[in-house]
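Visitor: Here is my input, please return the structure:
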Amino acid sequence: MKQKLTTEQLNKYAEYHLDVFHKKCLDELTKYTLNEILNVKNPYRIFPSQHILTASDLIKSLLDAFLQSQEETLFGNFLEELAIFVCGNIFGGIKTQDLEGIDLLFFKNKILYIVEIKSGPNWGNSSQLKKLKDNFGKAKTILSKKYPNTTIIAVNGCCYGKERNTNKGAYFKYCGQEFWQFISDNPNLYTDIIEPLGYKAKQKNEAFDKAYAKVINNFTFEFMKDFCDNGDINWKKLVAFNSEKSS
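Guide: Numbers count the residues shown, from 1 in each chain. A predicted model of the protein is given here:
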């Protein structure tokens, strides 16, 4: 077992990977056209109900909602990658590419742990949970041949949240503080990681906001040409564009 991660190491990791995170967010936004975004939003919820009168407010509301959904997925991936980085630096690890769905594989106190990481606790339906159990079962079968007479424990680790009933029978489920402590032996890591994340996020705000404003301005200009009449938003035309049946 190696020494626990320092704040400097976490800062360096956050600096690089949050750069990647913000770039992915903008890439997700800029790869869609205005029409594609208008087609996937609920017009009855996002448009007149918010009493929006200007095209720029409408576009910003649309993009904010779209970006939030993208960020939740991307940031969940970021947290999962951070967990792999933390565990790998503290406990080392074994390659997992031959084990479907397994993100972490490491020894701790002479026990071999196999871990599948999710961002939050409420991530799966019944079929996805069955797939999780299948992945754990197959991994145990393969590993028991390679590591005979070794106790193998499966863990579903969640980067945030809480779980009172950690024993799920076929595996354990650790969330939030319990998960971060499990992969690091540091009971405070779940709060320690907030500082470097917040530090780097603050640095990136200005550059990101500038790029985001450019997307809003371009989409607003396009929207006004197609969905405004004499400066007024044509709500009927907008709803028809989103929901009218094909002729």
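
Visitor: ok now stretch 16-32, how far from the chain's centre?
Guide: 12 Å (CA atoms, centre = their mean, to the nearest Å).

Visitor: Can you give me the buried ones in the host helix or strand of residue 88?
Guide: Assigned by DSSP states H and E, residue 88 belongs to helix 55-91. Using 16 or more other CB atoms under 10 Å as the test for burial, helix 55-91 gives 55, 58-60, 62-63, 66-67, 70-71, 74-76, 78-87, 89-91. Just so you know, the C-beta spots here come from the backbone N, C-alpha and C atoms, and that holds for glycine as well.

Visitor: same question, stretch 100-109
Guide: 102-106, 108.

Visitor: of the residues you listed, closest to residue 16?
Guide: Set against residue 16, the nearest of the buried residues of stretch 100-109 by CB to CB is residue 103 (19.6 Å).

Visitor: For the closest one, which non-adjacent residue is spatially closest?
Guide: In space, and not counting its chain neighbours, residue 103 is closest to residue 117: 4.5 Å by CB to CB, 6 or more residues apart in numbering.

Visitor: Wasn't the one you found part of a strand?
Guide: Yes - under DSSP: H, G, I helix; E, B strand; the rest coil, residue 117 falls within a strand.

Visitor: tell me the contacts of it?
Guide: Neighbouring residues of residue 117 by CB atoms under 8 Å, 6 or more residues apart in numbering: 80, 83-84, 103-104, 157-159.

Visitor: Could you do residue 195 as well?
Guide: Going by CB under 8 Å, 6+ apart, the list of residues near residue 195 reads 7, 10.

Visitor: Residue 113 too?
Guide: Counting by CB under 8 Å, 6+ apart, residue 113 has contacts 104-107, 152-155.

Visitor: need these in CSV with secondary structure, can you?
Guide: CSV is the format used below for the contacts of residue 113 (three-state DSSP):
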residue, secondary structure
104, strand
105, strand
106, strand
107, strand
152, strand
153, strand
154, strand
155, strand
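
Visitor: Quick check, residue 81 in contact with residue 18.
Guide: No - judged on CB atoms under 8 Å, residue 81 makes no contact with residue 18 at a distance of 11.1 Å.

Visitor: Tell me who's in contact with the residue nearest the centre of the chain.
Guide: Geometric centre of the chain, nearest residue: residue 76, 2.0 Å, by CA atoms, centre = their mean. Counting by CB under 8 Å, 6+ apart, residue 76 touches 118-120, 159.
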